[in-house]
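Enquirer: here is a sequence together with a model predicted from it:
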Amino acid sequence: MSRRLFSALMIGAAALAFGPPPAAAQAPIRIGAVLSVTGPASFLGDPEARTLRLYIERINQAGGVLGRRLELVLYDDGGDANRARTFATRLVEDDRIVAMVGGTTTGTSMAMIPVFEEARIPFISLAGGIEIIEPVKPFTFKTPHTDKMACEKIFEDLRKRGLSRIGLISGTGGFGASMRNQCLRVAADFGITVVADERYGPGDTDMTPQLTRIRNAPGGVQAVVNADFGQGPAIVTRNFAQLAMGVPLYQSHGVASRSFIDLAGPAAEGVRLPAAALLVAEQLPDNDPQKRVVMEYKQLYESTQNQPVSTFGGHAYDGLMILVEAIKRAGSTDGVRIRDAIRQTRGFIGTGGVVNMSATDHMGLDLSAFRMIEIRGGNWRLLD
Amino acid sequence: MDQLLQFVFSGLTVGAVYALVALGFTLIYNASDVINFAQGEFVMLGGMVTVFAVAAGVPLPLAALLAIAVAVVTGLALHRLAIEPARGASAVTLIIITIGASILIRGLAQLVFDRQFHALPAFSGEEPIRVLGASILPQSLWVLVGAAAIVLALWLFMERTLLGKAVRATAANRLAARLVGIDTTLVLALAFGISGAIGAIAGILITPITLTSFAVGTLLALKGFAAAMLGGMGNPVGAVVGGLALGLLESLAAGFISSTYKDAVAFLVILGVLFVLPQGLFGRRAVERV
């Protein structure tokens, strides 16, 4: 953490030394971030942190915002909600931040919400859980798609294929548990019957018993949906192939990174998942409104970070850009005015979709933001 | 029927890993009364070093040997730098030292390697073998055969070699062992080294199935500890039986009762067994002499 803080300070110092004079003249605009750069959610938090550093440096090189430099104050919570809350308090009381981007997981975000709501500081979360913005909290926003949307997108695809009896297998962690609930809730709206509902713990290394139960569910299943992120889905996918289940397997947007294909290996062939356009940037038709944004982000990220782009870093890009545009529109660093400006975000084209915020919608995405993707030949293929 | 067989295959594969971790616990416990909670980190090191050596272009067998060597050196260093200087401290103190060591090893692994999950290619293909409607991966057979080979080798070492007998003598009575001229410090170092090797081999064998990351050791140590307690802490046969039993319990509970509560079911059974047999299934009854 201290190393990251140090490097953040060094970037800050470099910008101070070489930055354009008008931006350096005034006090910087401080933006806070608490991300799970280490720990079990590090594959989410690490690209998020890289994205924030990368783009804040670029914005500063271009002259900053409102003629002032941006300064990132970044803490690593290691995925621990308690630590996240402690850092949130520190950001408000000691670092005096103007706005906040981050909160990698739903757990850490939920822990930090009360702190920023009380301090009336705009907070753009990068986590998936729908409870972050439902019910709407005055100062809390989020950029990623919700797990409910993932369920709906999957069920829509199932309906198109004429499949209705599914087996659900989910992790007991926060993401898996939340998505499981959402899927069970919206299943009936799409005419889907969940005939088997199996779960596995974090760190479990063999899911063949659960999949065997799903296979032997009375009446049979026509497809299996796996709600989780991390290594669990990779093992489910391998076990699925081992048991030769013979029905389609759907994963969630939680596995939308290259490492899933690497870990699951040939077993990943034919797996479908809903994900952001960023995952298939090159395959988007040229008239797609997101094409330019996602290609630019992808190229810049991959050329500077020497690692493949992931949709999670894209959420951080969206959050930062929505915030920066809002600060420019507000013409001020006052919390309430920035909040009002974020709410007025219309037609913002991000990596996650086209964002239209309002006083009642603090995410601003609809189902069109998700693309259905299939893994073919060890790569993502855009289906629709 | 095919369903039951599938659960048994799953349970045995997972159980064999628990058994190997439990065996590592047993070995060190016998030689020193210490429950080494860094045991899971040996498994992690086995997997991670192999993954990174293979990625660097080292052939798999050589990478595996390197990983075992790293784990053995780590085990010896743990003994030399952490356990030996605290000689004479109570067992509880030593156990806490091993917990600290495990956190240190995990932190170093995170720095030296990375924080991502990694897989190894299966040693002999990914094509599952179908038996009576159930399927088992060739790699699972590697795990089971590997575990059996380790148990056999360990048994031969303990029963048939002078050094093995010295380990057993130290386990039976450390003072008496020292009086007949056995270098108990050497025996203890040996126990840590062998535990490191067993853990590393387990880690290499399971990585193609279970994937690995710097953090996998904690949970394995917990499960291995539970297995060792179930079998009777200090008894190698108990460690193996306890490990396989725990693996089977988990998979049968997930298959027949509820996957949500499979861990709870497994631990309830363990609690039940320990309630009736506090020394575990094969444990020595402690005899207090007055």
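Expert: Okay, I see it. Numbers count the residues shown, from 1 in each chain, chains lettered A, B, ... in the order given.

Enquirer: neighbours around whichever residue of the stretch 151-300 of chain A sits closest to chain B, how many?
Expert: Nearest residue of the stretch 151-300 of chain A to chain B, counting by Cβ to the nearest Cβ: A:Thr205, 3.5 Å away. C-beta here means a position set from N, CA and C on the backbone, and glycine is covered the same way. A:Thr205 is flanked by 22 other residues according to other Cβ atoms under 10 Å in any protein chain shown.

Enquirer: got it, and A:Arg90?
Expert: Neighbours around A:Arg90, by other Cβ under 10 Å: 16.

Enquirer: now the one 3 residues further on
Expert: By other Cβ under 10 Å, 10 other residues sit near A:Glu93.

Enquirer: circling back: the residue of the stretch 151-300 of chain A closest to chain B and B:Thr207 touch, don't they?
Expert: No - at 10.3 Å, A:Thr205 does not count as touching B:Thr207 under the criterion of Cβ atoms under 8 Å.

Enquirer: which stretches of the stretch 1-150 of chain B form helices?
Expert: Taking DSSP state H, counting those that start in this stretch as the test, the helices found in the stretch 1-150 of chain B are B:2-32, B:39-55, B:60-77, B:91-112, B:138-160.

Enquirer: chain A is nearest to which of those?
Expert: helix B:2-32 (4.5 Å).

Enquirer: tell me the angle the closest one makes with helix B:39-55.
Expert: With axes from the mean of the first three to the mean of the last three Cα atoms, to 10 degrees applied, the angle from helix B:2-32 to helix B:39-55 works out at 110 degrees.

Enquirer: tell me what helix B:2-32 is packed against?
Expert: helix A:208-215, helix B:39-55, strand B:134-136, helix B:138-160, helix B:162-172, helix B:184-210, helix B:217-231, helix B:236-252 (3 or more Cβ pairs under 8 Å, 6 or more residues apart in numbering or on different chains; DSSP states H and E).

Enquirer: tell me the mean pLDDT over it?
Expert: Across helix B:2-32, pLDDT averages out at 88.

Enquirer: tell me the angle of that helix relative to helix A:208-215?
Expert: Going by the same axes, to 10 degrees, helix B:2-32 makes 170 degrees with helix A:208-215.

Enquirer: what angle separates helix B:2-32 from helix B:60-77?
Expert: Going by the same axes, to 10 degrees, helix B:2-32 makes 40 degrees with helix B:60-77.

Enquirer: quick check: buried residues in helix B:2-32?
Expert: By neighbour count on 16 or more other Cβ atoms under 10 Å in any protein chain shown, the buried set for helix B:2-32 is B:3, B:5-32.

Enquirer: so how far is it from its chain's centroid?
Expert: Its chain's C-alpha centre and that of helix B:2-32 lie 8 Å apart, by Cα atoms, centre = their mean, to the nearest Å.

Enquirer: ok, now stretch A:133-150?
Expert: 11 Å.

Enquirer: compute the first-to-last residue distance for that stretch.
Expert: For stretch A:133-150, the first-to-last residue distance is 16 Å (Cα to Cα, to the nearest Å).

Enquirer: average model confidence for it?
Expert: Stretch A:133-150 shows a mean pLDDT of 91 in the predicted model.

Enquirer: quick one on the thing from earlier: in terms of helix, strand or coil, where does the residue of the stretch 151-300 of chain A closest to chain B fall?
Expert: coil (DSSP: H, G, I helix; E, B strand; the rest coil).

Enquirer: residues contacting the residue in the stretch 101-250 of chain B positioned nearest to chain A?
Expert: With Cβ to the nearest Cβ as the measure, B:Thr210 is the residue of the stretch 101-250 of chain B nearest to chain A, at 3.5 Å. Residues in contact with B:Thr210 (Cβ atoms under 8 Å, 6 or more residues apart in numbering or on different chains) are A:Thr205, A:Asp206, A:Ile235, B:Val17, B:Val216.

Enquirer: ditto for A:Met357
Expert: A:Phe141, A:Ile322, A:Ile342, A:Arg343, A:Gln344, A:Thr345, A:Arg346, A:Met363, A:Gly364.

Enquirer: what of A:Thr333?
Expert: With Cβ under 8 Å, 6+ apart, A:Thr333 has these contacts: A:Ile29, A:Leu66, A:Val98, A:Ile327.

Enquirer: leaving out sequence neighbours, find the closest residue to residue 214.
Expert: In the absence of a named chain, this looks at chain A. If the residues on either side of it in the chain are set aside, A:Ile214 comes closest to A:Gly167, at 3.5 Å by Cβ to Cβ, 6 or more residues apart in numbering or on different chains.

Enquirer: oops, wrong one, chain B.
Expert: The nearest residue in space to B:Phe214 (Cβ to Cβ, 6+ apart) is B:Ala109, at 4.1 Å.

Enquirer: A:Asp262 now?
Expert: B:Ala119 (7.1 Å).

Enquirer: phi and psi next, for the one you found.
Expert: Main-chain torsions, B:Ala119, degrees, to the nearest 10: phi -120, psi 160.

Enquirer: next, count neighbours for it.
Expert: Neighbours around B:Ala119, by other Cβ under 10 Å: 22.

Enquirer: what about the residue of the stretch 1-150 of chain A found nearest chain B, neighbour count?
Expert: Proximity of the stretch 1-150 of chain A to chain B (Cβ to the nearest Cβ) peaks at A:Ser42, 4.2 Å away. Per other Cβ under 10 Å, the neighbour tally for A:Ser42 reads 25.

Enquirer: now swap in A:Thr311 and tell me
Expert: By other Cβ under 10 Å, 22 other residues sit near A:Thr311.

Enquirer: A:Gln26 too?
Expert: Using other Cβ under 10 Å, A:Gln26 is surrounded by 12 other residues.

Enquirer: could you grab the helix/strand/coil label for A:Ala33?
Expert: Per three-state DSSP, A:Ala33 ends up strand.

Enquirer: need the nearest residue in space to it, chain neighbours excluded.
Expert: Of all residues beyond its chain neighbours, the one nearest A:Ala33 is A:Gly102 (3.9 Å), with distances taken as Cβ to Cβ, 6+ apart.

Enquirer: so for stretch A:221-230, mean pLDDT?
Expert: In this model, stretch A:221-230 has an average pLDDT of 91.

Enquirer: again with stretch B:220-230
Expert: In this model, stretch B:220-230 has an average pLDDT of 89.

Enquirer: so for B:Leu188, which of the helices of the stretch 1-150 of chain B sits nearest?
Expert: The minimum distance between B:Leu188 and the helices of the stretch 1-150 of chain B falls on helix B:2-32, with 5.1 Å, by Cβ to Cβ.

Enquirer: between the closest one and helix B:184-210, how many degrees?
Expert: 160 degrees.

Enquirer: and the angle for helix B:2-32 with helix B:217-231?
Expert: 90 degrees.

Enquirer: report the backbone C-alpha coordinates of stretch A:72-80 in PDB.
Expert: These are the backbone C-alpha positions of stretch A:72-80, laid out as PDB (Å, rounded to 0.1, in the frame of the first residue of the first chain):
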ATOM      1  CA  LEU A  72      -5.600  10.800  -6.600                       C
ATOM      2  CA  VAL A  73      -5.600   9.600  -3.000                       C
ATOM      3  CA  LEU A  74      -5.800   5.800  -3.300                       C
ATOM      4  CA  TYR A  75      -6.000   3.200  -0.500                       C
ATOM      5  CA  ASP A  76      -6.000  -0.600  -0.800                       C
ATOM      6  CA  ASP A  77      -8.600  -2.300   1.400                       C
ATOM      7  CA  GLY A  78      -7.500  -5.800   0.500                       C
ATOM      8  CA  GLY A  79     -11.200  -6.700   0.000                       C
ATOM      9  CA  ASP A  80     -11.900  -6.100   3.700                       C
END
